[in-house]
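Chemist: task: produce atomic coordinates for the following.
(one chain, ligands or ions: 1)
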Amino acid sequence: ARLLGVRLETLQRQMRLAGMSEEAEYDHVLTSDYAVLLAEEFGRNPIVNDEAAFDIYPPPPNPNSSSLPGRPPVVTIMGHVDHGKTTLLDTLRSASVAKGEAGGITQHIGAFSVPVPAASKSSEGPRTITFLDTPGHAAFSAMRARGAGVTDIVVLVVAADDGIMPQTKEVISLIKKDEGKIGVVVAINKVDKPGIDIENVQKALMAENVQLEVFGGDIPSVEVSGLTGHGLPTLVETLSAIAEMQDLRAERDGSIQGYVLESKVHKGLGPVATVLILRGCLKPGSHIICGQSHAKVRVMNDSNGVAVKVAYPGMAITVSGWKSLPNAGDEVLQGTEAEVKKAITNRQRKAEIEATLVDVEVINSTRRLERERRELQQELGEEAKEVLSQETEQVPKELRLVIKADVSGSAEAVQGALQGIGNKEAVTKVISSGVGDVSESDVMMAKAVGGSIVAFSVNTPRAIETLAAQNEVSIISSNIIYRLMEIVKERVISLLPVII
Ligand code: GDP
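Modeler: Predicted coordinates for the structure are as follows:
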């Protein structure tokens with residue numbers, strides 16, 4: 001707006017008129033196309049700096065994808081805590097070390113691959129299966145949040161002696177979101193234990209709408225024991241069969257597209273990242289970029305600590321040579337040395353601009369907020385002014401809450417749960433309750449009444465977070481109502497007078 005010599009509001013109005021309503025919200029960096037369009041709207045003659053807009057993008061999709069070579073499936077094991085995920089992965093991992101191979105010490109790098117035995121595979125099926133073993137599935141969630149589905153198949157582990165538990169249900173709802181895009185296998189685990197009832201577990205899964213093959217659905221279930229290794233060959237075979245149906249293919253040559261699964265600073269090698277390759281092939285000496293970090297690939301190792309000369313799709317390898325530590329979940333791409341350097345400069349500048357934009361926005365919003373608070377107090381009149389100024393003497397003390405939730409049903413539930421917590425000395429009071437992400441007007445309202453915001457299953461944009469912090473409005477945020485109640489109770493208690 002400053003460049004064009006117009007007021008911010010004028011620019012935003014023009015943007016909305018031009019169909020850029022989303023971009024007209026704060027915190028957006030315009031693409032050069034949009035910027036050009038806008039500048040023209042204001043009668044300017046824009047010149048695009050292509051150099052400054054340069055970045056590296058994934059290679060375009062191959063039009064003849066059906067003729068590409070096959071690639072191994074990427075499998076994630078998920079399930080409730082203590083249902084045996086780690087044990088299962090450990091047993092599978094030890095199978096990944098070829099017998100008699102020298103120096104076969106397996107290391108945890110975030111993924112490993114298991115061979116599919118020749119006897120159980122068809123000629124078209126994959127030769128290996130890549131298992132992600134990222135702790136807490138952090139990378140899985142990070143990548144999913146960015147819309148990058150690296151997982152082809154999810155193994156849902158359910159302990160036969162424990163059945164369906166809260167995290168089992170969470171995984172089921174995650175799977176449902178990706179229905180049709182990812183394969184699913186249920187592994188009923190701990191079948192070595194006495195007195196277990198497998199059919200009972202299967203029925204419970206059906207009740208959760210997991211359509212098992214045994215009941216005519218299309219999701220296979222395999223009985224396994226991570227402890228004894230029972231059923232693991234069947235599990236691998238089942239995964240291989242699903243992958244064959246998925247017909248997974250990718251180029252084994254050209255620039256890579258991959259994702260960082262884990263990263264850490266290694267004493268001798270400096271920053272090291274495990275990269276899962278999805279397309280292309282990676283060799284030492286290649287130039288790669290990941291977020292705001294880049295590398296000339298030095299050493300590549302597999303999960304057995306064996307040096308790798310070339311990495312293909314489906315392989316996860318540790319890569320050293322990074323200038324700084326890349327983030328887990330970030331995309332890795334390849335270019336020439338010059339391209340990578342140019343892209344890094346531009347990405348860093350873009351990040352700086354974004355940070356400045358947030359700062360500017362926060363300053364503007366704070367000013368507006370102050371003005372609106374004054375107006376609101378005037379509108380509310382003398383009585384409210386008194387209430388607001390006499391906060392300290394008021395009995396009972398009130399913890400005023402502005403509730404935001406994902407859907408109206410949950411907003412009501414949260415209100416119901418929080419309303420009236422306290423006693424005659426201090427209570428909660430719900431000032432308002434609504435649906436959607438925490439917004440500037442929520443901060444304004446909370447500040448005007450000296451209250452806090454309760455955010456249930458909704459996001460708080462970074463700019464709003466900063467705005468709230470600057471205005472000393474606290475945001476209580478959780479996806480679990482029970483947890484919100486706990487925090488609110490603590491806050492109410494802290495309002496109580498101290499008795500000496
Ligand atoms: P995670 O939290 O899902 O990773 O579960 P763990 O792999 O840490 O296992 C939790 C507990 O269950 C440990 O005490 C394991 O020894 C035990 N466990 C795991 N798999 C089996 C199994 O197949 N049979 C039996 N009997 N116990 C198991």
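Chemist: make it CA atoms for all contacts and neighbour counts henceforth
Modeler: Noted.
Chemist: show me what from the stretch 1-150 of the chain comes close to the ligand.
Modeler: Residues of the stretch 1-150 of the chain found near the ligand (CA under 6 Å from any ligand atom) are 81-87.
Chemist: mind checking which of those residues are in helices?
Modeler: 85-87 (DSSP state H).
Chemist: coming back round to it: which PyMOL command selects the buried ones in the residues of the stretch 1-150 of the chain next to the ligand?
Modeler: In PyMOL syntax, the buried subset of those is picked out as below (16 or more other CA atoms under 10 Å):
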select buried, resi 81+83+84+85+86+87
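Chemist: one step back: dump the ones in helices among the residues of the stretch 1-150 of the chain next to the ligand into a markdown table; add pLDDT as well.
Modeler: Shown next, in a markdown table, are those (pLDDT from 0 to 100):
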| residue | pLDDT |
| --- | --- |
| 85 | 92 |
| 86 | 89 |
| 87 | 93 |
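Chemist: how far does whatever helix or strand residue 78 lives in sit from its chain's centre?
Modeler: Element membership of residue 78, judged by DSSP states H and E, is strand 74-79. The chain centre lies 16 Å from the centre of strand 74-79; the measure is CA atoms, centre = their mean, to the nearest Å.
Chemist: equivalent analysis for stretch 244-255, please.
Modeler: When distances are taken as CA atoms, centre = their mean, stretch 244-255 is centred 25 Å away from the chain's centroid.
Chemist: and that stretch, C-alpha only, in CSV?
Modeler: Only the C-alpha atoms of stretch 244-255 are listed here, as CSV (Å, rounded to 0.1, in the frame of the first residue of the first chain):
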residue,chain,number,x,y,z
GLU,A,244,1.0,-54.1,-5.9
MET,A,245,-2.7,-53.0,-6.3
GLN,A,246,-1.7,-49.4,-5.6
ASP,A,247,0.7,-49.7,-8.5
LEU,A,248,3.3,-47.3,-7.1
ARG,A,249,5.7,-45.9,-9.6
ALA,A,250,8.3,-43.1,-9.8
GLU,A,251,11.2,-41.9,-11.9
ARG,A,252,14.5,-43.4,-10.8
ASP,A,253,16.4,-40.7,-12.6
GLY,A,254,16.5,-36.9,-12.6
SER,A,255,16.0,-34.3,-9.8
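Chemist: go through that stretch and flag the buried ones.
Modeler: 244, 246-252, 255.
Chemist: run through the bridge partners of residue 76.
Modeler: residue 132, residue 154 (DSSP bridges).
Chemist: state the distance from it to the ligand.
Modeler: Per CA to the nearest ligand atom, to the nearest Å, residue 76 is found 13 Å from the ligand.
Chemist: so that residue touches residue 133, yeah?
Modeler: Yes: in this structure, residue 76 is within contact of residue 133 by CA atoms under 8 Å, at 7.2 Å.
Chemist: residue 265 should be in a strand, yeah?
Modeler: Yes: judged by DSSP: H, G, I helix; E, B strand; the rest coil, residue 265 forms part of a strand.
Chemist: what residues are up against it?
Modeler: Going by CA atoms under 8 Å, 6 or more residues apart in numbering, residue 265 touches 271-272, 325.
Chemist: out of these, which are buried?
Modeler: By 16+ other CA under 10 Å, the contacts of residue 265 give 271-272, 325 as buried.
Chemist: hang on, the earlier thing: of the residues of the stretch 1-150 of the chain next to the ligand, which is the nearest to residue 336?
Modeler: For these, the minimum distance to residue 336 (CA to CA) is 39.6 Å, reached by residue 86.
Chemist: and the closest one, how far from residue 290?
Modeler: 29 Å (CA to CA, to the nearest Å).
Chemist: over to residue 234?
Modeler: 37 Å.
Chemist: where in the stretch 301-450 of the chain is pLDDT low?
Modeler: 355-366, 368-369, 380-395, 409 (pLDDT under 70).
Chemist: could you pull out the strands for it?
Modeler: Using DSSP state E, counting those that start in this stretch, the strands of the stretch 301-450 of the chain run over residues 316-320, 331-335, 397-405, 426-435.
Chemist: okay, and which of the buried ones among the contacts of residue 265 map to helices?
Modeler: Taking DSSP H, every one of these sits outside helices.
Chemist: now render those as CSV, adding distance to the ligand.
Modeler: Output for those, formatted as CSV (distance: CA to the nearest ligand atom, whole Å):
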residue, distance to the ligand
271, 27
272, 25
325, 27
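Chemist: closest to residue 312 among those residues?
Modeler: residue 272 (18.6 Å).
Chemist: ok, the closest one touching residue 260?
Modeler: No: counting by CA under 8 Å, residue 272 does not reach residue 260; the two are 10.1 Å apart.
Chemist: look up how far residue 454 lies from the residue of the stretch 401-500 of the chain found nearest the ligand.
Modeler: The nearest approach of the stretch 401-500 of the chain to the ligand comes at residue 480, 21.0 Å away (CA to the nearest ligand atom). Taking CA to CA as the measure, residue 480 falls 12 Å from residue 454.
Chemist: counting neighbours, go ahead and name the busier of these two.
Modeler: When residue 480 and residue 454 are compared for neighbours, residue 454 comes out ahead with 28 against 11, by other CA atoms under 10 Å.
Chemist: which SS state does the more buried one fall under?
Modeler: Going by three-state DSSP: residue 454 is strand.
Chemist: isn't it up against residue 403?
Modeler: Yes: proximity of residue 454 to residue 403 meets the contact threshold set by CA under 8 Å, at 4.7 Å.
Chemist: the nearest residue to residue 302 once chain neighbours are set aside pairs with what?
Modeler: Computed as CA to CA, 6 or more residues apart in numbering, the closest residue to residue 302 that is not its neighbour in sequence is residue 317, at 4.8 Å. Under DSSP bridges, the beta-bridge partners of residue 317 are residue 275.
Chemist: and the gap between residue 317 and residue 305?
Modeler: The gap separating residue 317 from residue 305 is 9 Å, by CA to CA.
Chemist: higher neighbour count, those two?
Modeler: Neighbour totals were compared for residue 317 and residue 305, and residue 317 leads with 31 against 17 (other CA under 10 Å).
Chemist: mind listing what the more buried one touches?
Modeler: Here residue 317 is in contact with 109, 274-276, 300-303, 308, 311 (CA under 8 Å, 6+ apart).
Chemist: for residue 353, state which of those residues is nearest.
Modeler: Closest to residue 353, out of all of the contacts of residue 317 and judged by CA to CA, is residue 275, at 28.6 Å.
Chemist: so the closest one sits against residue 314, correct?
Modeler: No: the criterion here is CA under 8 Å, and residue 275 misses it with residue 314 at 10.0 Å.
Chemist: residue 294: how many residues sit nearby?
Modeler: The burial count for residue 294: 24, using other CA under 10 Å.
Chemist: where does it sit: helix, strand or coil?
Modeler: Secondary structure state of residue 294, per three-state DSSP, is strand.
Chemist: local confidence estimate at it?
Modeler: According to the prediction, residue 294 has pLDDT 97.
Chemist: swap in the one 4 residues further on?
Modeler: Per-residue confidence at residue 298 stands at 96 (pLDDT).
Chemist: repeat for residue 178
Modeler: Looking at residue 178, its pLDDT reads 78.
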